[in-house]
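Chemist: I need the structure of the sequence given here:
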Amino acid sequence: GGEHSAHYYFKDFWNADTGMLAALHVLAALGGQDGPLSELVASYDRYAGSGEINSTVADQAARVAAVKAAYGSTEGITLDELDGLTVTAEDWWFNVRASNTEPLLRLNVEARDEATLVKIRDEALALIRA
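Modeler: Just a heads-up that it's a prediction; the model follows:
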């Protein structure tokens, strides 16, 4: 498993988070090809992504509830609350979740194209930072 925050978990490593093992897997994959790392990852990079965007908020639960209320009754959108709030549409998705250690909400957005990414990112941030 992996997270956008660069934590990687390996079943054969007692499900533990280890950056060192992730780095070794990358080096092994690079050793098996002639091209650069950018070429190796290009085939996996199908969507435009925001990366993790942190917003300091006074009330994490209230801001997540505002996002949920804004998208919850929209046709074609599904909500999942397994880890924070994930909002999914046909061509994009985003997750917003509270930090366990800081007064932050963390937002990650992916979309089929950059224009959609920017639109959805900005909509979500407006709700989070209101």
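
Chemist: And the contacts of the longest helix along the chain?
Modeler: With DSSP state H setting the assignment, residue counts place helix 114-128 as the longest helix in the chain. Applying CB atoms under 8 Å, 6 or more residues apart in numbering, the external contacts of helix 114-128 come out as 48-50, 53, 55, 57, 63, 66-67, 70, 87, 91-92, 94, 96, 105, 107, 109-111. The way it works is simple: take the backbone N, C-alpha and C, and place the C-beta from them, glycine included.

Chemist: Could you rerun that using 10 Å?
Modeler: For helix 114-128, the surrounding residues in contact (CB atoms under 10 Å, 6 or more residues apart in numbering) are 47-50, 53, 55, 57, 60, 63-71, 85, 87, 89, 91-96, 104-111, 113.

Chemist: which residues does the residue most central in space within the chain form a beta bridge with?
Modeler: The centroid of the chain falls nearest to N108 when counting by CA atoms, centre = their mean (3.5 Å). When bridges are taken as DSSP bridges, the partners of N108 come out as N95.

Chemist: how close does it get to K11?
Modeler: With distances defined as CB to CB, to the nearest Å, the gap from N108 to K11 amounts to 23 Å.

Chemist: Check D113 too.
Modeler: With CB to CB as the criterion, D113 and K11 are 34 Å apart.

Chemist: Name the residue in these two with the higher neighbour count.
Modeler: A direct count of neighbours by other CB atoms under 10 Å for D113 and K11 places D113 higher, at 12 against 8.

Chemist: Now that one: closest residue in space, sequence neighbours ignored.
Modeler: In space, D113 comes closest to A48 once its chain neighbours are excluded; the distance is 6.0 Å by CB to CB, 6 or more residues apart in numbering.

Chemist: May I ask you to confirm that the one you found is in contact with W93?
Modeler: No: counting by CB atoms under 10 Å, A48 does not reach W93; the two are 11.8 Å apart.
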